[in-house]
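S.K.: just a sequence and a predicted model for now, questions to come.
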Amino acid sequence: MNLRRLLWAGTAAFISYHLVANRDTIKEEVIETKELTDDVSEHIKDINQQIAVIKGQLPKLTEMAQDLSQKASMFQHEVDIRTKQMPLLNKETNEKDSTVNTDDVTH
């Protein structure tokens, strides 16, 4: 039992000695860690604020996306209609051109 106490006392003395010997290094590391922790906390706070802003903008963005989708659909429908009319216009133009050409030849 005395040996156990001596081992514990020796271990405690060894740890205490190294703590005192390296106290400046340990103190600097503790201060640096504290600063880093504070910086990280500030960054987390900023990130959470930015997430809140983004979440606040989601309904507006969703509405804009739906509006753009509807406009694109309407535009595509209009393009389809005009594309279908183009061959008809080409036929009418060709027919007019052919009648004008034959009129020029006869005069």
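M.R.: Arrived safely.
S.K.: if I look at Ile31, how far off is Ser16?
M.R.: 21 Å (Cβ to Cβ, to the nearest Å). Placement of C-beta: from N, CA and C, glycine included.
S.K.: ditto for Ile51
M.R.: From Ile51 to Ser16 the distance is 47 Å (Cβ to Cβ).
S.K.: over to Thr83?
M.R.: 89 Å.
S.K.: same check on Glu29?
M.R.: Noted for Glu29: a distance of 18 Å to Ser16, by Cβ to Cβ.
S.K.: repeat that for Glu28.
M.R.: 19 Å.
S.K.: okay, now Asp80: neighbour count?
M.R.: Neighbours of Asp80 under the rule other Cβ atoms under 10 Å: 10.
S.K.: and Ile26, by the same measure?
M.R.: Neighbour number of Ile26 under other Cβ under 10 Å is 13.
S.K.: which stretch of helix or strand covers it?
M.R.: helix 23-106 (DSSP states H and E).
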